[in-house]
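Participant: Make a model of this:
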Amino acid sequence: MAQQIIHIIRNRISRKGRGWCLTPAHFKDLGHEEAVRQALSRLERDGVIKRVVRGLYEYPRRHETLGALPPSPDKIAEAIARRDNIRVQPAGAYAVNLLGLSEQVPGRVVFVTDGASKKIKIGKMEIRLRRTTVKNMAMAGTGLGLMIQALKHIGRNRLDADMKKKIRGHLKKVDAKTMVKGSQVAPVWIRHVLDELKKGIR
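Facilitator: Numbering: from 1, shown residues only. Below you'll find the model as predicted:
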């Protein structure tokens, strides 16, 4: 049974591809919780996966020269969300960077969540899950939700023409139904900005 579980887990990890982050919760359908944990520990010892923090692993990406690359904050957050049955949404400077509105990569990566607040330290990178309101999580997991979080961080007085142009490009991918829902939960000033930029799209 133990070897069979190891084989199944290893195949699933391979199919997901390098960079995937995982926890024992990803394999709860196999039952035998302790056997799953032992299988993951075995795969870590064999160098197949790498432990990021306790109970969280990565199928590491590799570079020809640099070797193993650091895990993606998004993949880590997704794994935690799956494990804890919560939602997460990039926020702050990280949301701004993901949209290409800034080239600066923040040392502290923030996600808002409907789960518990927590901090994860990985090397020089710090990931923070910050509990927020139901309203603030209404657009979680959507491109529009990412834009709303980015605009909150930038602020109305720092939003320049270049940023507006890039946001307009992202808005082209947002359908009317999603825009209506977003307008119901976004702060008034962000709603006005999005409406203005949406009108300029042909």
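
Participant: all contacts plus neighbour counts: C-alpha atoms, from now on.
Facilitator: Noted.

Participant: worst-scoring helix or strand of the chain, pLDDT-wise?
Facilitator: strand 67-68 (a mean of 78; mean pLDDT, DSSP states H and E).

Participant: for Arg128, what are its contacts?
Facilitator: Contacts for Arg128 were tallied using Cα atoms under 8 Å, 6 or more residues apart in numbering; they are 108-111, 117-120.

Participant: Look up which residues are beta-bridged to it.
Facilitator: For Arg128, the beta-bridge partners are Val110, Lys119 (DSSP bridges).

Participant: How confident was the prediction at it?
Facilitator: For Arg128, the pLDDT comes out at 97.

Participant: And Val110, by the same measure?
Facilitator: Note for Val110: predicted pLDDT of 97.

Participant: My read is that it contacts Gly92, right?
Facilitator: Yes: taking contacts as Cα atoms under 8 Å, Val110 lies within contact range of Gly92: 6.2 Å.

Participant: now the contacts of Arg128: which count as buried?
Facilitator: Buried by 16 or more other Cα atoms under 10 Å: 108-111, 120, out of these.

Participant: which of those residues sit farthest apart?
Facilitator: Phe111 and Ile120 (11.5 Å; Cα to Cα).

Participant: Name the residues contacting each of those two.
Facilitator: 127-128.

Participant: for this protein, what spans make up the helices?
Facilitator: All helices of the chain, identified by DSSP state H, fall at 2-16, 33-45, 73-84, 92-98, 143-154, 161-171, 176-185, 188-199.

Participant: nearest to Val134, of the ones you listed?
Facilitator: Of all those, helix 176-185 comes closest under Cα to Cα, at 9.8 Å.

Participant: counting contacts, what elements does that closest one pack onto?
Facilitator: Helix 176-185 sits against helix 143-154, with contacts defined as 3 or more Cα pairs under 8 Å, 6 or more residues apart in numbering; DSSP states H and E.
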